[in-house]
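Student: Following is a predicted model, sequence given first.
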Amino acid sequence: MTRARHWQDLVAVEDLEPGDATPVKLGARELAVYDTVDGIFVSFARCTHGNANLCDGYFDGLHIECPLHQGLFDARTGEAKAAPATRGLRMVEARVRDGTVQVLLAGDSKGAQT
Amino acid sequence: MSQEVLTPITQALNDGALSRRELKRLMKRSNTPGLVHFAAFLLVAACTGFLVWLSMGSWWLIPAMLLHGIVLVHHFSLQHECVHYTAFRSRWINELIGNYCGLVIMLPNKFFRYEHCDHHTYTQLTGRDPELIELPVALSKYFAFISSVPYWRAKFGELGRHVIGRLNDVERGFIPKEEHRAVFNEARAMALIYAAVLAASMATGWWGAVWYWWLPVFMGEPVMRAIRMTEHVGRPNIRDMKENTRTNLVSAPMRFLCWNMNYHAEHHYASSVPFHALPKLHKKLDGYIYVEKRGYLGAHIDIISQVLGKSPRKGSRHAGSA
């Protein structure tokens, strides 16, 4: 079957945690949707250091802090900003269409869960 | 599929006692309450330091230094809040003041931060929690702990080990390898500052650092050891945060000094909640977590009663089973 990337519905904007990080599952993928001061951004949800789900951490509108060791990432670019995080987050291209956050990923769109 | 990675707030998110939105609201950070509290805390320390100065040459010097020391060792409470990055909204202020506090009480900030992460992830689990204080097996051990002699032996050992660039097995378990060098460098910086203060004292013949800082800290530390005991000692060695930690209801001055850390069960239940929101969380978790209404004294009555066998020792062999 094709592995080409295509736009898939992820979550309704109204279901996002306002000004915060919302955890969403898309099939087996765990994603984090950030409602930043610069718009909506999406990354894979696990910290690149200790694998904790970043959505449980503190979000200040720009940076997401890992709840386990307080490593810090820029939620817009995925850049690692503070130790022990050294590798950036894997970001996912995202857009909003008709009130829904969509992501550009391979595979089918079944099973998006908040 | 990814396996579950436990974090300090995993239980709070899974239990349902708080909704995710309530918890996130309580997690909001601010610089103002922390800076106001810090200014007041420094003022109190300045006042007790002034008492030391006033009592020089009299027998009042000893109680004055003890009182000053009790205030100084509570830099630990602020540092503790800083390593959670919850004392202030700005991360750099938490780093700056956390390092200042660590210098006052000889507790390197980055090292403590990583040690404390594992303390929260594995609270009370024997062999996993690096800050675990076992329920003493005898009254002599209880007093030995409070004396702070074992504490200072461990702290000087840690500092010396890190200055020469070594970690023991336990430390390697909780300090990420990316941070080993940073931990060594902060220990070296701290040792250098202490050496510089000592050298300056010898050169000038003015021993203020001893009378207003080091001696009071040594004198006050047993009080901090006794307070630290009330947090978990005598509670079960199980994973459940509702059971393994004790909140102590204490007077307003003590709440001020310890930055609300007497609400310790609430803090462990949701460690991302800043000190200024802990009273709110306390109300929210009323009846849900373990509370010692008689305060620190009541906690020690409970601990001593378990040490003496007058009440059952709380499940010290269940570590890791829950």
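Tutor: Perfect, thanks for sending it.

Student: all helices for the stretch 1-150 of chain B, in order.
Tutor: Ranges of helices in the stretch 1-150 of chain B, per DSSP state H, counting those that start in this stretch, are B:10-15, B:20-26, B:32-55, B:61-73, B:75-83, B:91-105, B:109-121, B:139-147, B:149-163.

Student: winner for burial among those?
Tutor: helix B:75-83 (a mean of 24; mean count of other Cβ atoms under 10 Å in any protein chain shown). C-betas here are computed from N, CA, C, even on glycine.

Student: contact partners of that one?
Tutor: The contact list for helix B:75-83, computed with Cβ atoms under 8 Å, 6 or more residues apart in numbering or on different chains, reads B:34, B:38, B:41, B:87-88, B:94-95, B:97-98, B:100-102, B:104-105, B:107, B:109, B:112-113, B:116, B:224, B:257-259, B:261, B:274-275.

Student: show me which of the residues you listed neighbour chain A.
Tutor: When contact is defined as Cβ under 8 Å from any Cβ of the partner chain, the contacts of helix B:75-83 meet chain A at B:Arg113.

Student: which residue packs closest to the most centrally placed residue in chain A, ignoring adjacent ones?
Tutor: In chain A, the C-alpha nearest the mean C-alpha coordinate belongs to A:Ala32, at 2.5 Å (Cα atoms, centre = their mean). Nearest-residue entry for A:Ala32: A:Ala45, 4.1 Å, with adjacent residues in sequence omitted and distances by Cβ to Cβ, 6 or more residues apart in numbering or on different chains.

Student: Let me know whether the one you found touches A:Ala28 as I believe.
Tutor: No: using Cβ atoms under 8 Å, A:Ala45 makes no contact with A:Ala28, being 12.0 Å away.

Student: for B:Ala64, what are its contacts?
Tutor: Per Cβ under 8 Å, 6+ apart, neighbours of B:Ala64: B:Thr48, B:Leu51, B:Val52, B:Leu54, B:Ser55.

Student: And the pLDDT for it?
Tutor: Looking at B:Ala64, its pLDDT stands at 98.

Student: I'd like the helices of the stretch 1-150 of chain B as a markdown table, with distance to A:Gly88 appended.
Tutor: Listed next are the helices of the stretch 1-150 of chain B as a markdown table, based on distance: least, Cβ to Cβ, whole Å:
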| stretch | distance to A:Gly88 |
| --- | --- |
| helix B:10-15 | 25 |
| helix B:20-26 | 24 |
| helix B:32-55 | 30 |
| helix B:61-73 | 40 |
| helix B:75-83 | 24 |
| helix B:91-105 | 18 |
| helix B:109-121 | 21 |
| helix B:139-147 | 44 |
| helix B:149-163 | 29 |
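
Student: List the contacts of the residue nearest to A:Ala32.
Tutor: A:Pro23, A:Glu30, A:Leu31, A:Ala32, A:Asn53, A:Leu54, A:Cys55.

Student: Phi, psi for the residue nearest to B:Arg91 when sequence neighbours are not counted please.
Tutor: Spatial nearest neighbour of B:Arg91, chain neighbours left out: B:Tyr85 (5.9 Å); criterion: Cβ to Cβ, 6+ apart. Phi and psi for B:Tyr85, reported as degrees, to the nearest 10, are phi 60, psi 30.

Student: does the residue nearest to the centre of chain A sit in a helix, a strand or a coil?
Tutor: Secondary structure, DSSP: H, G, I helix; E, B strand; the rest coil: A:Ala32 is strand.

Student: That one: what's it in contact with?
Tutor: Contacts of A:Ala32 (Cβ under 8 Å, 6+ apart): A:21-24, A:42-45, A:53-55, A:64, A:75.

Student: Could you list the buried residues of stretch B:291-298?
Tutor: B:Val291, B:Glu292, B:Gly295, B:Tyr296, B:Gly298 (16 or more other Cβ atoms under 10 Å in any protein chain shown).
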